[in-house]
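In: mind looking at a prediction? Sequence and model below.
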Amino acid sequence: MPKMKTKKAATKRLKMSATGKIKRTQSGKAHLNGHKTAKRKRQLRGLVVAKDVFTKTAARMLQGN
């Protein structure tokens, strides 16, 4: 059976933490930022832990690494 390939889109968007949780960036900061407050844009910075429902799917997408 051939090797399982990594989903390249997933590797660019997701990271696996040391404990096996999936970290992702938050949406809503790419455009239309003029009317958003500085506090709102600042809080969208950085990574957050993805929901448990998505973890199994994301881990399978990253499996080829």
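Out: The structure has been received and is ready for your questions.

In: can you tell me the centre-most residue of this protein?
Out: Arg24 (2.3 Å; Cα atoms, centre = their mean).

In: so where's the protein shaky on pLDDT?
Out: Counting by pLDDT under 70, the chain shows low-confidence ranges at 65.

In: for it, what spans make up the strands?
Out: Shown for the chain, the strands assigned by DSSP state E span residues 14-16, 22-25, 47-49.

In: export those strands to CSV and tack on distance to Met4?
Out: All C-beta atoms are positioned from the backbone trio N, CA, C, and that covers glycine. Converted to CSV, the strands of the chain look like this (distance: least, Cβ to Cβ, whole Å):
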stretch, distance to Met4
strand 14-16, 16
strand 22-25, 18
strand 47-49, 24
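
In: which one of the ones you listed lies nearest to Leu62?
Out: Among the strands of the chain, strand 14-16 comes nearest to Leu62, with 6.0 Å by Cβ to Cβ.

In: ok, back up a step: of all the strands of the chain, which one comes closest to Gly34?
Out: For Gly34, the closest of those is strand 22-25, at 20.6 Å, according to Cβ to Cβ.

In: give the pairing partners of that closest one; include direction for each.
Out: strand 14-16 (antiparallel), strand 47-49 (antiparallel) (DSSP bridges).

In: can you give me the buried ones in that strand?
Out: In terms of neighbour count (16 or more other Cβ atoms under 10 Å), strand 22-25 has its buried residues at Ile22, Arg24.
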